[in-house]
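Participant: here's a sequence, model it:
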Amino acid sequence: MKKILIFLGCPESPIQTPLALYLSHKLRGKNYRVTVTANPAALRLLEVADPARSYLDKTSDLDSTLNGLSKGEYDLLFGFIHNDAALSYFITFKSILEIPSIAIIFGRDAEILNMLEREVEENTDSYIVSVRAHHNPNPLKVRIDKLLEELED
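Facilitator: Next comes the predicted model:
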């Protein structure tokens, strides 16, 4: 069973939590073992939204995960990126794990989105899913669905 790590940035955007749960659910349906790592506030939002763990496998604190991370521990990395801090964490996770990765870039501001995309392109070989979205998760959900169709079962 392949292991996937989903990294979440700071939970400022209202679409991040539902999309993280959605992505975890879809990946679990494809028989992937999913770990979601995030800061304590983002983790609490996930736990409140899914108290029975219907959509989540494992969660872990961002800093603890990063401190114990080693190459080969996961098979695929997803990162939710909407600001510089999330970008830095994503690049760090990618460089340590050295695995295929998918940068999910979102936010309100087109200039910031373009900057985040450029930084991911310049610093990683990650596949990029990017859309201007803040309150409505559907545009990003559609892109995630297309991506998931391409993943191996």
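
Participant: rest of the way, CA atoms for contacts and neighbours
Facilitator: Will do.

Participant: got the contact list for stretch 10-29?
Facilitator: 6, 8, 33-34, 38-39, 41-42, 45-46, 54-57, 80, 86, 107, 133-137, 141, 144, 148 (CA atoms under 8 Å, 6 or more residues apart in numbering).

Participant: ignore what I typed, I meant stretch 60-77.
Facilitator: Contact partners of stretch 60-77, identified using CA under 8 Å, 6+ apart, comprise 2-7, 35-40, 43, 93-94, 96-102.

Participant: from the chain's centre, how far out does that stretch sit?
Facilitator: 13 Å (CA atoms, centre = their mean, to the nearest Å).

Participant: geometric centre of this protein: which residue is closest?
Facilitator: Nearest to the mean C-alpha position of the chain, by CA atoms, centre = their mean, lies G79 at 3.0 Å.

Participant: surely that one is in contact with V36?
Facilitator: No - assessed by CA atoms under 8 Å, G79 is found out of contact with V36, at 9.8 Å.

Participant: that older thread, just the pLDDT at the residue nearest to the centre of the chain, thanks.
Facilitator: You'll see G79 listed with a pLDDT of 98.

Participant: now it: how far from P51?
Facilitator: Going from G79 to P51 by CA to CA, to the nearest Å gives 23 Å.

Participant: so where's this structure uncertain?
Facilitator: 152-153 (pLDDT under 70).

Participant: what about the strands in it?
Facilitator: Secondary structure of the chain, counting by DSSP state E: strands at 3-7, 33-38, 58-61, 76-81, 101-107, 127-132.

Participant: possible to save those as TSV with distance to A20?
Facilitator: Shown next, in TSV, are the strands of the chain (distance: least, CA to CA, whole Å):
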stretch	distance to A20
strand 3-7	8
strand 33-38	8
strand 58-61	12
strand 76-81	8
strand 101-107	10
strand 127-132	14
